[in-house]
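Novice: Provided below for reference: sequence and predicted model.
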Amino acid sequence: MKSDLKYEIIIYWSKDDEAYIAEVPELAGCMADGNSYIEALQNVEIIIQEWIEVAKELGRSIPEPKGRLKFA
């Protein structure tokens, strides 16, 4: 399962949401939240898998993980 999890993940605290937010810039709209840094990371790992599954079902292309983004 974790073999697909090579995407860059950005985690930050959102004062507005009062939660940690984990975003995956390479997968449009792929993000999750959590009450802790670890919870946000665990949640986004699940969301990455779901994002990939849905993209496959819809016949959409899945971006190859590029690692650290230079513009982030």
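Specialist: Structure received.
Novice: which residues does the residue nearest the centre of the chain contact?
Specialist: For the chain, the residue sitting closest to the mean C-alpha position, by C-alpha atoms, centre = their mean, is Val24 at 3.5 Å. By C-beta atoms under 8 Å, 6 or more residues apart in numbering, Val24 lies in contact with Tyr7, Glu8, Ile9, Ile10, Cys30, Met31, Val44, Ile47, Ile48, Trp51. In this view, the C-beta of every residue, glycine as well, is placed from N, C-alpha and C.
Novice: same check, this time on Pro65
Specialist: Applying C-beta under 8 Å, 6+ apart, we find Pro65 in contact with Lys6, Tyr7, Glu8, Glu26.
Novice: doesn't it belong to a helix?
Specialist: No. Pro65 is assigned coil when assessed by DSSP: H, G, I helix; E, B strand; the rest coil, not a helix.
Novice: check the gap between it and Tyr7 for me.
Specialist: Distance, Pro65 to Tyr7, using C-beta to C-beta, to the nearest Å: 5 Å.
Novice: residues shared between the contacts of the two?
Specialist: With C-beta under 8 Å, 6+ apart, Pro65 and Tyr7 have common neighbours Glu26.
Novice: run through the helices of the chain in chain order.
Specialist: Secondary structure of the chain by DSSP state H: the helices cover 37-57.
Novice: where are the low-confidence patches of it?
Specialist: In the predicted model of the chain, residues 1-4, 69-72 satisfy pLDDT under 70.
Novice: spit out the contact partners of the nearest residue to the residue nearest to the centre of the chain once chain neighbours are set aside.
Specialist: Distance criterion C-beta to C-beta, 6 or more residues apart in numbering; nearest residue to Val24, sequence neighbours excluded, is Cys30 at 4.1 Å. Contacts for Cys30 (C-beta under 8 Å, 6+ apart) come out as Glu23, Val24, Val44, Ile47, Ile48, Trp51.
Novice: I am finished for the moment; much appreciated.
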